[in-house]
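> Below: sequence and its predicted model.
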Amino acid sequence: MSQNHPDLVPEQAYIDHAYECLETSRAAAWRMREMHEADLGGTFQARFERNAVDETLVKRLVELDLGDAALVFGRIDRSDPEGDGVESFHIGRLAVADEDREPVVVDWRAPVAEPFYRATGREPMGLRRRRHFAVEGRHLLGLEDELFGEGHLGVGDDEGLDRSGGLRGYSTLIASLERGRTGSLGDIVATIQAEQDEIIRSPQAGVLVVQGGPGTGKTVVALHRAAYLLYTHRFPLEDQGVLVIGPNRVFLRYIERVLPSLGEAGIAQVVLADLVPDVTVRGDDPPEVARAKGAAVMSEVIDRAIRDRERPLREDLVLPFRFGYVRLRVEESERIVRMVRRRHRRHNAARRQLEAEVWSSLAATWRDGDVDPSDVRAELRSSPEMREALERMWPVLTPAELLHDLYGSKALLRSAIGRLLEPGAVDLLHRPRSASVEEVVWSTADVALLDDAREALGPRPGRSGRIDEVDELRTYGHIVVDEVQDLTPMELRMVTRRSLNGSVTVVGDIAQATGPLAPSDWSDVLEHLPDRRPPRVIGLSVGYRIPAQIMALADAVMKVAAPGLRAPTSVRLGDAEPSVVEVDDIAAGVVSAVRAMVNGLGRASVAVVAADERCDEVSAALSAAGVDHGRAGVSGLEHELTVVPVSVVKGLELDGVVLVEPVEIAESGRHGLRSLYVALTRSTRRLTVVHRRALPDAMHREDSGAGDSSVEIDQQLPAF
């Protein structure tokens, strides 16, 4: 990276010109919006069209507001396909044109920009030069050139590989990686590497699985892919919608700025609980209960629970009508229930037909059927006995009501479960019945069951018999799921249910699987995702974020936690080895380690990671020592120092990590060692381990290779 490059001044002038054009576009968009705001009259069609234009203008204004993000970050010079000359394109965050509509900056997602990310010495894609800008906002700090063609080395040549590990814009990349973290995930649009770009520009159709170890950038790649697909398939994706599903709210807050920085602010970013209306999720189940609720067979349990609520009468129903009686016999109620079951797939929608059959059957018993069923309905529908009979035969249910009744009755559980689950499942799932469904405390594992019940029950018809469109399940043209390896089969089916066309990108790492039903390979995950097209599995092999010294220590744990997998190759060495400190007093040791790390790193993002049960103690110790800090569950990573429970640390990256009592994490559950592996791989610069109890054996295995400066990578993904 040259800070004295002869082209530094002219390139800075070009960047200044690009910003001037951007400001001109912003001003024009504001003027147009003000013109539309001034005209509020006209026909409904005219107002509708003005609103549509206004919505487009607002979106454009959002795109044009870059904040501190750099507009231009590179340039490519390629052979002119129509002559012997060279044509140049400046690559940036969004497309900018001058007043003559001539392109000044090319959007990074445009086809013409692809060689900026993909060209190599062996496959130059027509390039003669690729230039990387080191920028801070509008200011150009340095340039890095890669030359292609005879006599020059491009990325992909043997000598180039020796020099840069095959990485595009190596100096620019390393400078970016070594910048301090802010507590929020940043985009990588200026430093996307070839293997990442292959994923980002991969075809939309079908399920794409991205397997990536810690630090490979799989999360940010998936978000850039969402932005790329929206750019490439603006219609129909903008109408169909794009959904991003994260593992928890701390993670969502961590990634929330990436898509807006890429000009895509309208993508929904949720946790699974956000997709289930009218319930509040406030707790977690014990592991054995979560495993039972997450099993795919629970979908059949729910179907059987619904079927158990579709019942004939216990005894004949006799009701006074006019100057006589009408009767619904038990045998007739059995016939009606069987018939309605055959004709309807969803429970609630069938209630109206059942009622119609009941009115007809009752009318047939009045003096040889000499009465219209509507007359019977008008006179008897308010009868308490009639309402009770209909509710017994075919109650209209919400998902919450169904599960509330099911969990609260061992008899209903026993009937619905049968032999589908292991012995003891009834006792696992049973809980004391609450006074009302509004008082039920739902768990994260209940979310997928509520969603499955919603699909099987269908929306409740209104008084007019029509279904409110708001109650119908929303589907999306593309779905991105992060940390997918932690989703249960029931949760994966919940994702599939929302896919409009089977287009899904899922990212994760089998070695980091710590969920209730952790998969052993990707076939366990793909079994429950859309199968309209053959799935594709792509691996990320290079670790960009984690220094090799830290990765070596983590790899020792992974070799025990997930013996069939290998860590990604680290592209850089850190400036310090991991520090392991044995103390007599954990609280005092943590305070001392935190102060040393904060002083050593300066202004940086630091986390204290501990087993969930120890976080309150750690936070209290820091408070008592006067150390300002935040809690991840409350404030995300807004503070420079944050106490983060190990259960929500996955996917985050920090400048420094103080890891507390690793053996407690290793003993925290069936996948405790995998959780420890996750905790060890969060730091981009410094790692300090504070412990009083003996370290887990996996952290000091003699054959771990923990002293190596780089870690071997097995690029073969698990077979499926």
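Nice, I can see it.
> Surely Val210 is in contact with Thr219?
No. At 9.3 Å, Val210 and Thr219 do not qualify as touching, with contact defined as Cβ atoms under 8 Å. In short, each C-beta sits where N, CA and C put it, glycine included.
> Now do the contacts for Arg493.
296, 299, 448, 452, 528 (Cβ atoms under 8 Å, 6 or more residues apart in numbering).
> same thing but 6 Å
His528 (Cβ atoms under 6 Å, 6 or more residues apart in numbering).
> helix or strand for it, which one?
helix 489-497 (DSSP states H and E).
> Skip ahead from that helix and say which helix or strand is next.
strand 504-508.
> give me the number of residues near Val583?
15 (other Cβ atoms under 10 Å).
> In three-state terms, how would the closest residue to it other than its chain neighbours be classified?
For Val583, ignoring the flanking residues on the chain, the nearest one in space by Cβ to Cβ, 6 or more residues apart in numbering is Gly589 at 3.2 Å. Taken by DSSP: H, G, I helix; E, B strand; the rest coil, the conformation at Gly589 corresponds to helix.
> I'd assumed Glu582 was in contact with Gly589.
No. Using Cβ atoms under 6 Å, Gly589 is not in contact with Glu582, being 8.4 Å away.
> More neighbours: these two, which one.
Gly589 (21 against 12).
> now that one: how far from Tyr228?
For Gly589, the distance to Tyr228 equals 46 Å [Cβ to Cβ, to the nearest Å].
> okay, now the closest residue to Arg431 other than its chain neighbours: neighbour count?
Distance criterion Cβ to Cβ, 6+ apart; nearest residue to Arg431, sequence neighbours excluded, is Tyr407 at 5.2 Å. Counted with other Cβ under 10 Å, residues neighbouring Tyr407 total 19.
> Tell me the spacing between Tyr407 and Val104.
Applying Cβ to Cβ to Tyr407 and Val104 gives a distance of 62 Å.
> again, but for Ser261
If you go by Cβ to Cβ, the gap between Ser261 and Val104 works out to 20 Å.
> Can you give me the first-to-last residue distance of stretch 574-588?
End-to-end distance of stretch 574-588 (Cα to Cα, to the nearest Å): 27 Å.
> Show me how far it is from its chain's centre.
Averaging C-alpha positions (Cα atoms, centre = their mean, to the nearest Å) puts stretch 574-588 33 Å from its chain's average.
> for it, which positions count as buried?
By 16 or more other Cβ atoms under 10 Å, the buried positions in stretch 574-588 come out as 574, 578, 580, 586-587.
> quick check: mean pLDDT across that stretch?
Averaged over stretch 574-588, pLDDT sits at 94.
> So Val189 is in contact with Ala113, correct?
No. Contact criterion Cβ under 6 Å: Val189 and Ala113 do not qualify, at 10.2 Å.
> which of the two has more neighbours?
Between Val189 and Ala113, Val189 has the larger neighbour count (other Cβ under 10 Å), namely 23 against 20.
> residue contacts, the more buried one?
Contacts of Val189 by Cβ under 6 Å, 6+ apart are Trp108.
> Could you pull up phi and psi at it?
phi -60, psi -30 (degrees, to the nearest 10).
> what pLDDT does it get?
88.
> Look up how far Trp359 lies from it.
64 Å.
> Please apply the same query to Leu147.
Relative to Trp359, and taking Cβ to Cβ, Leu147 is found at 84 Å.
> same thing with Ser499?
With Cβ to Cβ as the criterion, Ser499 and Trp359 are 40 Å apart.
> So between these two, which is more surrounded?
Using other Cβ under 10 Å, the more surrounded residue of Ser499 and Trp359 is Trp359, with 22 against 19.
> shouldn't the more buried one be in contact with Ala378?
No. Trp359 is beyond contact range of Ala378, at 9.5 Å (criterion: Cβ under 6 Å).
> So, low pLDDT: which residues of this protein?
The model of the chain has pLDDT under 70 over residues 1-2, 33-64, 83, 150-166, 170, 178, 180-182, 463-471, 634-635, 701-720.
> The same query, at a cut-off of 50, please.
153-164, 469, 702-720 (pLDDT under 50).
> report the longest helix in it, please.
helix 8-38 (DSSP state H).
> Please give the centre-to-centre distance between that one and its chain.
Counting by Cα atoms, centre = their mean, helix 8-38 comes out at 34 Å from the chain centroid.
> Counting by contacts, list what it packs against.
Where contact means 3 or more Cβ pairs under 6 Å, 6 or more residues apart in numbering; DSSP states H and E, helix 8-38 is packed against helix 44-64, strand 96-97, strand 103-107, strand 139-147.
> tell me which element Leu659 is part of?
Applying DSSP H and E, one finds Leu659 within strand 654-660.
> which residues are in contact with the very next helix or strand once past that strand?
On the C-terminal side of strand 654-660, the nearest following helix or strand under DSSP H and E is helix 662-666. Residues external to helix 662-666 that are found in contact with it (Cβ under 6 Å, 6+ apart): 611, 646, 672-673, 675-676, 679, 693, 696.
> could those be laid out in CSV, adding neighbour count and distance to Gly424?
Output for those, formatted as CSV (neighbours: other Cβ atoms under 10 Å; distance: Cβ to Cβ, whole Å):
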residue, neighbour count, distance to Gly424
Ala611, 23, 28
Val646, 25, 29
Gly672, 20, 24
Leu673, 24, 27
Ser675, 27, 26
Leu676, 30, 30
Ala679, 27, 33
Arg693, 12, 33
Pro696, 22, 31
